[in-house]
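In: I would like to see how this sequence folds:
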Amino acid sequence: ILSILDPKITANSPKNVTLNSSLGALIRSIDTMFNKRANKISAMFSENSFKLLFNNLPKVLKQSDNLEYWSNMQWGAYLSIAALLNSFNGPAAAVAYFLSTNYNIPQGLGYAISGTYFFERNHEKGFYEYSKLFDLIEKKPSKRKLSKIEKSKFVVHSLVKILKYNKLTLKGANIPKNGNEKILDFLSKTFNKSNPSNSIILSRTNNPITLNKKDLIIIINKILKWKNKYLIKMKFLGVVPARSGSQSIKKKNTFIVNKKPLIQYTFEEVKKSRIEKKYLLTDDNKIKKLGKKFNISGKYLRPKKLS
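Out: Model (predicted):
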């Protein structure tokens, strides 16, 4: 896999994009470290990813023109993927997927919020292994020696503070009033198919400890709480490329199939989709006119030399 890490590309990113993508990667670094499929290799990637992302995110938010900080962020995000490829993620990733596919919530934002509150609940129920991340943090309390519980609490509460300080929540999203019930139902169907009790099957969720239905309700209610300052609803844009020529069948796109031009089948499917803005890229006036009937914009004809 070839990855190009160029800090100049991300240095001009809007603040909401930086927060959503960076926090999503940060949560992934933690999620991959503390689950049932974690191993020494994934832990190595997870630790280095967390260290780079947690310590450099505040820096890039203050000094967005510092390419060294941005480079560190890119390496951190890359390492979080390396950790995922050698481990797995937990139920927070499933919640993020549900929010993204059903309510157009950016997946990084959904993962950041859901992951943080899953970690918080795990800590509240006695899972203190997040303390292992404490020594990787540059700015931390140094007045006295902290216990394992205190270190774990500091790590988890630091994540919650990041969300609250930047007002990153989902209440402002287009989520129905029964959204918490829908998420709970999704988790139950996804992870709890063979278990009649209220406990979630550990082998299915990879969560480090057992969570019951009450725990999930608490987590989901926190995920959907407060108004979000940086929430941007995703919009879908679609481009239909349709040139007049073809190497195999002459004028293939306007070729009649069952009394309709071949390209019309594509236009019909595009019209039924969730795509909000539809554009047509063609060098053929007939295709352009047909696209207009389906509200697929083709304002300009593509030059023949580009077709």
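In: What are the contacting residues of stretch 99-111?
Out: 19-25, 27-28, 92-93, 95-97, 114, 168, 170, 173-175, 179, 182-183, 230-234 (CB atoms under 8 Å, 6 or more residues apart in numbering). Yep, even glycine has a C-beta here, placed from its N, CA and C like the rest.
In: Okay, and which of those map to helices?
Out: Using DSSP state H, the members of these that fall in helices are 19-25, 27-28, 92-93, 95-97, 114, 179, 182-183.
In: buried subset of the contacts of stretch 99-111?
Out: 19-25, 27-28, 92-93, 95-97, 114, 168, 170, 173, 175, 179, 183, 230-231 (16 or more other CB atoms under 10 Å).
In: ranges for the helices of the stretch 151-300 of the chain?
Out: Shown for the stretch 151-300 of the chain, the helices assigned by DSSP state H, counting those that start in this stretch span residues 179-191, 202-205, 213-223, 262-272, 285-293.
In: Which one of those helices has the poorest average confidence?
Out: Comparing mean pLDDT across those, the weakest is helix 202-205, with a mean of 48.
In: Find the nearest non-adjacent residue to L262, please.
Out: F255 (5.0 Å; CB to CB, 6 or more residues apart in numbering).
In: Determine the longest helix present in the protein.
Out: helix 40-62.
In: which outside residues touch that helix?
Out: In this structure, residues lying in contact with helix 40-62 by CB under 8 Å, 6+ apart are 15, 18-19, 22-23, 25-26, 28-30, 32-33, 38, 66, 69-70, 72-73, 75-77, 79-80, 82-84, 86-87, 132-133, 136-139, 158, 162.
In: can you tell me which residues contact the closest residue to G179 other than its chain neighbours?
Out: Of all residues not flanking G179 in the chain, L224 sits nearest, at 5.9 Å (CB to CB, 6+ apart). By CB under 8 Å, 6+ apart, the contact set of L224 is 169-171, 175, 179-180.
In: Give me the distance between the spatially most central residue of the chain and Q247.
Out: In the chain, the centroid-proximal residue (CA atoms, centre = their mean) is Q107; its distance is 2.3 Å. In this view, Q107 and Q247 are 39 Å apart by CB to CB, to the nearest Å.
In: State the distance from the residue nearest to N180 when sequence neighbours are not counted to K271.
Out: Nearest residue to N180 in three dimensions, chain neighbours excluded: I220, at 4.7 Å (CB to CB, 6+ apart). Here I220 is placed at a distance of 35 Å from K271 (CB to CB).
In: Neighbour count: these two, which is higher?
Out: I220 (20 against 13; other CB atoms under 10 Å).
In: That one reaches D185, doesn't it?
Out: No - judged on CB atoms under 8 Å, I220 makes no contact with D185 at a distance of 10.6 Å.
In: Quick check: neighbours shared by those two?
Out: Joint contacts of I220 and D185 (CB under 8 Å, 6+ apart) do not exist.
In: before we move on, the earlier item: looking at the helices of the stretch 151-300 of the chain, which is nearest to E150?
Out: helix 213-223 (22.0 Å; CB to CB).
In: Tell me what angle the closest one forms with helix 179-191.
Out: With axes from the mean of the first three to the mean of the last three CA atoms, to 10 degrees defining the directions, helix 213-223 sits at 130 degrees from helix 179-191.
In: Now helix 213-223: buried residues?
Out: Neighbour counts over helix 213-223 (16+ other CB under 10 Å) mark 215-216, 219-220, 222-223 as buried.
In: same for that helix, what does it pack against?
Out: Other helices and strands packing on helix 213-223, by 3 or more CB pairs under 8 Å, 6 or more residues apart in numbering; DSSP states H and E, are helix 107-124, helix 179-191.
In: Would you mind putting these into JSON lines with distance to F54 alongside?
Out: Output for the helices and strands packed on helix 213-223, formatted as JSON lines (distance: least, CB to CB, whole Å):
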{"stretch": "helix 107-124", "distance to F54": "12"}
{"stretch": "helix 179-191", "distance to F54": "27"}
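In: Many thanks, have a good one.
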